[in-house]
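*Asks:* Structure, please.
(chains A and B)
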Amino acid sequence: MNGIINLGFYQVAAAYIFVIIVLVIIRQRGISREKEIVIASFRMTLQLVLVGYILVYVFDNPSPFITAAIVTVMEAFAVYTIFGKFRGSLSRGLKRVIALATGTGTLLCLLFFLFAIVRVNPWYNPQYFIPIAGMLIGNSMTAVSLAVKSLTDGMTTQKQLVEEALVLGATPQMATRGILNSTFDAAIMPTINSMIGMGIVFLPGMMTGQILAGAAPTTAIAYQIAIMLGILGAVALTVILTLQMGYRTFFNKEEQLAAGKAD
Amino acid sequence: MSEAAGFEFIGVKYIHILDIPSLTIRPGIITSVLGPSGSGKTSLLRLLNKMASPTSGRIIYNGTDLAGARPVEHRRRVVMMSQSPVIFEGSVRDNLTAGLMFQQKEIPGEGILRNVCEQVKLAQPLDSPSGNLSGGEKQRLALGRIILLDPDVYLLDEPASGLDDETAGCIFDMLSEKIRSQNKTLVMVTHSRTVARRISDELVHITRGMAVSGAVR
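*Replies:* Numbering: from 1, shown residues only, chains lettered A, B, ... in the order given. Modelled structure (predicted):
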C-alpha cells in the first residue's frame, strides 16, 4: 500500500479555483450568494487550520482533561448551533431538552463505541476519541435540528388536532403521537438514506480518508460500518430523547397546550 | 345509576375574559349558556373540563376542588365538543371511535356504532371517508363520538350551528331524553334563545365576562 501524497500550500490553494468558478457562475446567473460562499470558504479554512494545529498538540500530549474539554466544546458548539438555527423562537424548556438530549444521546453512544467496540487504550486516546465524537455529535446535531423544526412546525400546524384529542380525553403523549412519529421519520431519514447509498452512490468521508492515509480498504470498511451504525444509534437516541422530553414543553402542568387560546 | 355531577364557581377569574363571583351548575339537568360573541362562553366550557384553569378562585366539581383533579381523568368524565370540531383523518368509524381509543376503552361492535349514527342522524356508511362529510355531518359525527364515550357531563359548544332546524330538533330531543333518563349533566353554549328555552332547565347569561344564572321562564 502506497503512503499518502502530502498536499503542499500551492496544491491546496489550487483547490480554491472551485470557489472562484462557483462565484463566477452565480454572479452570471444573478444569484446573490457571493458573500455567503466567501464567508463559508474562509470560515471552513480558518477552522480547519486551527483544528489541525490543535490536534497536532493534543495528539502529541494526550491527556484525559484535554480530551474531555474538547468533547465538551464540541457538544456546546453543537447545542448553540441548533439554538442559532431557530433564532430565539425556542422556549427555555425546549432549549434545556435539546442540550440534555444532545449531550446524553451522543455521550452514551460515544462511550459505548469507544469502550465496547473499538476498545481504545488509553481510554482517552484523542486520536480515536475526537474524530469519532465529531462524527457522532455532528450527525446528531443535524438530526436534532430537523427534529426540532418538524416538532415545532407540527405543534403549530396541527394544534387543533392536538386540542381535539385532549378534549376527548387523550394524554398529551397520545395527542402528539402522529406529530412525534412524522418528526422521527423526518429527522432520521437523511441518515438512513446515506446508509442506503453508501459504497454505491458515494464513498464515505472517513473511509476515503483512511484509504488515502494508506489503510487497507477492508480495515477502512470495518471502521466505516461500525461508525455508520454508531451514527445511526446516536442520531436515533438523541432524536428519541428530544421528542420524548420535547413534546412535554408544549404543555403545562395541567396538561393543557401551553399557549391555549381563549374564547 | 350514578349520581349526577355538578359545578360550583367561587370567585373565579380567568385572565381578562371571565369574572364569576358565584355560579352553580346543577347536576342532572340541562343548562344553556347564552351571551354575545366574545363574552367568554367557550372559556367557561373550557374551564369546566380543565382545558383551561382559572387565574384565581375555585371551581368545585362534585364537592372536590378541580385544581386538585387529574386533568386527563377529569376530561374523560367531562367531555367537550368544540364549536368547530376537528375531524381526524380516516373513516367515519375511525372518528367515531377516536375518543374511545384515546381513553383506552373497548371498541363496541358494529350494531352499537350504527345505532349512535342513527341517533345523530348520520346516514354515511361507517367505512366511508370522513373527509367527504359536510360541515353539519362533521358536527353530528363529533357528537356521535362523544355519545359513545358516555361521559358524566356533556359540554357542547354551539352544537346546532351547522344543522337545519329539523335535524337539530331531533338531536336535541334525543340528547334531552338521554340526559334525563341516564342522570347526566349537559352544559351547552348556544346563541339561540329558542333552542335554549326549548330544552334547558336553567340558563346562564354571560355579559362581558360576568355570569348570571336563572331558571328558564
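*Asks:* interface residues of chain A facing chain B?
*Replies:* For chain A, the residues in contact with chain B (Cβ under 8 Å from any Cβ of the partner chain) are A:160-161, A:163-171, A:174-175, A:254-256, A:260, A:262-263. For every residue, glycine as well, the C-beta is placed using N, CA and C.
*Asks:* Tell me where chain A has helices.
*Replies:* With helices called from DSSP state H, chain A shows them at A:9-15, A:17-28, A:34-60, A:64-85, A:92-112, A:126-157, A:159-167, A:172-175, A:177-197, A:205-212, A:217-246.
*Asks:* Weed out the non-buried ones from the residues of chain A next to chain B.
*Replies:* Neighbour counting with 16 or more other Cβ atoms under 10 Å in any protein chain shown marks A:161, A:163-171, A:174-175, A:254-256, A:260, A:263 as buried within the residues of chain A next to chain B.
*Asks:* Contact partners for the closest residue to chain B within the stretch 1-150 of chain A?
*Replies:* Nearest residue of the stretch 1-150 of chain A to chain B: A:Ser150, at 17.9 Å (Cβ to the nearest Cβ). For A:Ser150, the contact set (Cβ atoms under 8 Å, 6 or more residues apart in numbering or on different chains) comprises A:Ile179, A:Ser182, A:Thr183, A:Ala186, A:Ala187.
*Asks:* residues contacting B:Asn9?
*Replies:* One correction, residue B:9 is Phe, not Asn. B:Ile20, B:Pro21, B:Ser22, B:Leu23, B:Thr24, B:Gly57, B:Arg58, B:Ile59, B:Ala211.
*Asks:* How about B:Ile29?
*Replies:* Shown in contact with B:Ile29 (Cβ under 8 Å, 6+ apart): B:Ala4, B:Ile179, B:Thr185, B:Leu186, B:Asp201, B:Glu202.
*Asks:* Pass me the low-pLDDT residue ranges in the chain, would you?
*Replies:* No chain was given, so I picked chain A. In the predicted model, chain A carries pLDDT under 70 at residues A:1-3, A:259-263.
*Asks:* Chain B was what I was after
*Replies:* For chain B, the stretches with pLDDT under 70 are B:1-3, B:209, B:211, B:213-217.
*Asks:* Return the residues of it in contact with chain A.
*Replies:* Within chain B, the residues that sit near chain A (Cβ under 8 Å from any Cβ) are B:14-15, B:17, B:38-43, B:46, B:49-53, B:71-72, B:75-76, B:79-82, B:85-86, B:88, B:98-99, B:102-103, B:145-146, B:149.
*Asks:* Out of the residues you listed, list just those in strands.
*Replies:* Among these, the members falling in strands (DSSP state E) are B:Tyr14, B:Val79, B:Met80, B:Met81.
*Asks:* Most neighbours among these, which one?
*Replies:* In terms of neighbours by other Cβ atoms under 10 Å in any protein chain shown, these top out with B:Met80 at 27 neighbours.
*Asks:* need the strands for chain B, in chain order.
*Replies:* Counting by DSSP E, the strands of chain B are B:7-14, B:18-25, B:30-34, B:56-61, B:64-65, B:78-81, B:153-157, B:185-189, B:202-207, B:210-215.
*Asks:* Apart from its neighbours in sequence, what residue is nearest the residue nearest to the spatial centre of chain B?
*Replies:* In chain B, the centroid-proximal residue (Cα atoms, centre = their mean) is B:Leu155; its distance is 1.9 Å. Among residues not flanking B:Leu155 along the chain, B:Met80 sits closest, at 3.9 Å (Cβ to Cβ, 6 or more residues apart in numbering or on different chains).
*Asks:* Same question for A:Ile4.
*Replies:* Once flanking residues are discounted, A:Ile4 sits nearest to A:Ala213: 5.1 Å by Cβ to Cβ, 6+ apart.
*Asks:* what about that neighbour, neighbour count?
*Replies:* Number of residues near A:Ala213 (other Cβ under 10 Å) recorded here: 11.
*Asks:* That one and A:Trp123, how far apart?
*Replies:* Applying Cβ to Cβ, to the nearest Å, the value for A:Ala213 to A:Trp123 is 24 Å.
*Asks:* cool, and B:Tyr14?
*Replies:* Counting by Cβ to Cβ - B:Tyr14 and A:Trp123 are separated by 58 Å.
*Asks:* Looking at strand pairing, list the partners for the residue nearest to the centre of chain B.
*Replies:* B:Met80, B:Val187 (DSSP bridges).
*Asks:* That one touches B:Asn49, doesn't it?
*Replies:* Yes: with contact defined as Cβ atoms under 8 Å, B:Leu155 reaches B:Asn49; the gap is 5.7 Å.
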